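> compute the structure for the input listed below.
(one chain, ligands or ions: 1)
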Amino acid sequence: MSLLEVSGLTAGYGSHAAIHDVAARAERGEVTALVGHNGAGKTTLLNSIAGVLRNVRGSVVFDGVETLRGGSRRRPSGLAMVPQGMGVFPSLTVGENVTLGVTAGGKVSKEEAAERIKVAQGYLPLLAERWNERGGRLSGGQRQMVSIGRALVSGASCILLDEPSVGLSPKLVEDMMKVFATLRDAGLAIVLVEQNVKQALTIADRVVVMKAGRVIVDSSAEEFSSRESLWELF
Ligand code: ATP
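Presented below is the predicted three-dimensional model:
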């Protein structure tokens, strides 16, 4: 069974459905790239999975548990989301910003918290280097790393990232993709929303294409790269 399995998902804003009957999945140890033009419904899908949106119908099964049942639409424990725009508090230090994530998945002991922080610093050395620096003094790329660090310390096994590369230099994007590949190799499920399909294909294992609120392609990255007809969607 997939770590995350979505089916028949319809969601939107007020009476307007922005995504329709969506099916998708994410596996441990894989990067799933979610691509599509502006307004295709990528953010709506992530928000529906993460329990951010109320107006959601269908099924979201995370780690074997249906999370939409009984009107409870909280973020499943073990799943973290890095929203677009990052959400790093400028007046808090890097350490404080990251530590906020520790209890996001539930209470943990001091020892467990310290261990998670150590592991996150291992993946993202910048966190230790700038631990006492205020968030407001960081560049866009550095803030993105802090947001990813916050998701990591929650103990998540699946991380949803909404266009993390927006506004970053090519070098920083490359560094960030390497971090995602390392996390994938460590067994995490990574769902990566990317406008830049070529960029996404550098690390993706699967590609899901959305158009006008629907999934129109769900294939292995290998197949996607080799079939020109799929590329022509962009
Ligand atoms: P982008 O790459 O621009 O973020 P996206 O693929 O993530 O696009 P969504 O942001 O999910 O697409 O938008 C899907 C549809 O829902 C669009 O028609 C958009 O206008 C609409 N929409 C998004 N957010 C809201 C909102 N808060 N209220 C009303 N409609 C919204």
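> going forward, measure contacts and count neighbours with C-alpha atoms only.
OK.
> show me what the residue most central in space within the chain bridges to in the sheet.
Nearest to the mean C-alpha position of the chain, counting by Cα atoms, centre = their mean, stands residue 160 at 1.4 Å. In this entry, residue 160 is beta-bridged to residue 81, residue 191, by DSSP bridges.
> looks to me like residue 44 is in a helix.
Yes - according to DSSP: H, G, I helix; E, B strand; the rest coil, residue 44 belongs to a helix.
> thought it was touching residue 16?
No - in this structure residue 44 lies outside contact range of residue 16 using Cα atoms under 8 Å: 11.9 Å.
> these two - which one has more neighbours?
More crowded of residue 44 and residue 16, by other Cα atoms under 10 Å: residue 44, with 22 against 9.
> quick one: contacts for that one?
Residue 44 is in contact with 11, 12, 18, 19, 53, counting by Cα atoms under 8 Å, 6 or more residues apart in numbering.
> swap in 10 Å and give it another go.
By Cα atoms under 10 Å, 6 or more residues apart in numbering, the contact set of residue 44 is 10, 11, 12, 13, 17, 18, 19, 50, 52, 53, 56, 213.
> any idea how far it is from the ligand?
4 Å (Cα to the nearest ligand atom, to the nearest Å).
> what are the boundaries of the helices in this structure?
With DSSP state H as the criterion, the chain has helices at 42-49, 94-99, 110-123, 125-129, 140-153, 170-185, 197-201, 221-226, 228-231.
> so what's residue 48 closest to, chain neighbours aside?
In this structure, residue 48 finds its nearest non-sequential neighbour in residue 56, 6.4 Å apart by Cα to Cα, 6 or more residues apart in numbering.
> so what's that neighbour up against?
Counting by Cα under 10 Å, 6+ apart, residue 56 touches 9-13, 17, 19, 44-45, 47-49, 68, 71, 73.
> what about burial for the residues you listed, which qualify?
9, 10, 11, 12, 19, 44, 45, 47, 48, 49, 68, 73 (16 or more other Cα atoms under 10 Å).
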